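> Let me see the structure of the following:
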Amino acid sequence: MDINLTALVAAIAVMSAPVVLAALGETITEKAGVVNLSLDGTILLAAMVSFVVAFETRSPVLGALAGAGTGAIVAAIVAAIGVQLGQSQVAVGFALTFLCRDLAYFLGSGHSRVEGPQFEPLPVPLLSELPLLGKAFFSHSILVYLSFIAIPLCAYLMYRTRWGLIIRSVGENPEAAWARGINPIMVRMAATIGGGAMVGLAGATYSLSVKPGWGHPQGCEGIGWIALALVIFGSWNPTRVVVGAYLFGLLQLMGIYFQDAFTTIPPQIFQVAPFPLMIFTLVIIHFSHGKKGVLARWVRMFSGKPPKAMGRPYRRN
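Numbers count the residues shown, from 1 in each chain. Have a look, this model is predicted:
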């Protein structure tokens, strides 16, 4: 099995782009104390809406904006019911996951397996000509570049700005934040909708860049659950979450390589392998807490506690 390193890195960047966007969006949401379990359905619905809008308008830019808007709308429903009304965030997230998935396949059936516009690779002048690094990092579509830019932006937002401090304070202790003159409900709603827009953009990245088109299955089923797991894997830290996202992208890509190399093995095994491997990684992290050794030291790098008020509705007395 011959693997070109530059091509491998470039492929990982492309495969991981939607996972990076979705996981970072959920990180922002959960840092504010809200759990949005609608990610999997949101990604599918946004992927469908993005492709349909791009197909009808012949503009992938409008398609991507429609995908982000779809994610924001679904997240707004989570925020309205789970934050504003104080109902179970888990219950509303689960319900929306299956509702969005079924809506995506039902409403998008008329555009299944048809060709439409997509974001073409946009090499960065000069940088794309660099040896090794050029094709690996600077010869992608605009949506992949956005996934790169989102990493430092989210880290800066969360740990270097007043807005990030407010988000984290609301996620840890909304009562104390209220005493300081901060409205926890408004902050949580804003963080949930903003994070949802990034999840919607992840769906657009699938249907307009990574796996262009729409069909049943789309190929991004289950990614929302992986993004949720990656937030835990990364200890609610944007940089660590991204490491997990690229690890998952590598696992997906290796599954494709192995599928071509071992033709006697059913391809379905390689297609689903990244999912149990990620679960296995999370299990190792869980059972390595408090242990000694190289593995334990590595695990501690990715260990952390969730926001104390995560999933707990805030009600003013």
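> okay, CA-based contacts and neighbour counts for the rest of this
Will do.
> what residues are up against residue 92?
Residue 92 is in contact with 37, 38, 78, 81, 82, counting by C-alpha atoms under 8 Å, 6 or more residues apart in numbering.
> Restricted to helices, list those.
Counted as lying in helices by DSSP state H, out of these, are residue 78.
> Nearest to residue 209 among the contacts of residue 92?
Closest to residue 209 out of the contacts of residue 92 is residue 38 (22.3 Å), distances taken as C-alpha to C-alpha.
> residues near that closest one, how many?
Neighbourhood size, residue 38 [other C-alpha atoms under 10 Å]: 30.
> Over to residue 185?
Neighbour count for residue 185, taken as other C-alpha under 10 Å: 23.
> Please identify the buried residues of the helix or strand containing residue 30?
If you go by DSSP states H and E, residue 30 is part of helix 5-31. By neighbour count on 16 or more other C-alpha atoms under 10 Å, the buried set for helix 5-31 is 6, 9-31.
> could you give me the average pLDDT of it?
Per-residue pLDDT over helix 5-31 has a mean of 93.
> Next secondary structure element downstream of that helix?
helix 39-57.
> Report the angle between that next one and helix 5-31.
In terms of direction (axes from the mean of the first three to the mean of the last three C-alpha atoms, to 10 degrees), helix 39-57 departs from helix 5-31 by 110 degrees.
> Go through helix 39-57 and flag the buried ones.
For helix 39-57, the neighbour count (16+ other C-alpha under 10 Å) marks 39-55 as buried.
> pLDDT weak spots in the stretch 201-317 of the chain?
For the stretch 201-317 of the chain, the stretches with pLDDT under 70 are 259-275, 277-304, 317.
> Could you rerun that using 80?
Applying pLDDT under 80 to the stretch 201-317 of the chain flags residues 216-219, 252, 254-305, 315-317.
> hang on, the earlier thing: so which elements touch the helix holding residue 30?
helix 133-137, helix 142-160, helix 162-172, helix 184-205, helix 223-233, helix 238-261 (3 or more C-alpha pairs under 8 Å, 6 or more residues apart in numbering; DSSP states H and E).
> Take the ones you listed and write them to a markdown table, including distance to residue 69.
Output for the helices and strands packed on helix 5-31, formatted as a markdown table (distance: least, C-alpha to C-alpha, whole Å):
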| stretch | distance to residue 69 |
| --- | --- |
| helix 133-137 | 28 |
| helix 142-160 | 15 |
| helix 162-172 | 22 |
| helix 184-205 | 6 |
| helix 223-233 | 17 |
| helix 238-261 | 22 |
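> closest to residue 73 out of those helices?
Nearest to residue 73 among the helices and strands packed on helix 5-31 is helix 184-205 (7.3 Å), distances taken as C-alpha to C-alpha.
> can you pull the contacts of the spatially closest residue to residue 227 that is not a sequence neighbour?
In this structure, residue 227 finds its nearest non-sequential neighbour in residue 23, 4.6 Å apart by C-alpha to C-alpha, 6 or more residues apart in numbering. Neighbouring residues of residue 23 by C-alpha under 8 Å, 6+ apart: 199, 227, 228, 230, 231, 241, 242, 245.
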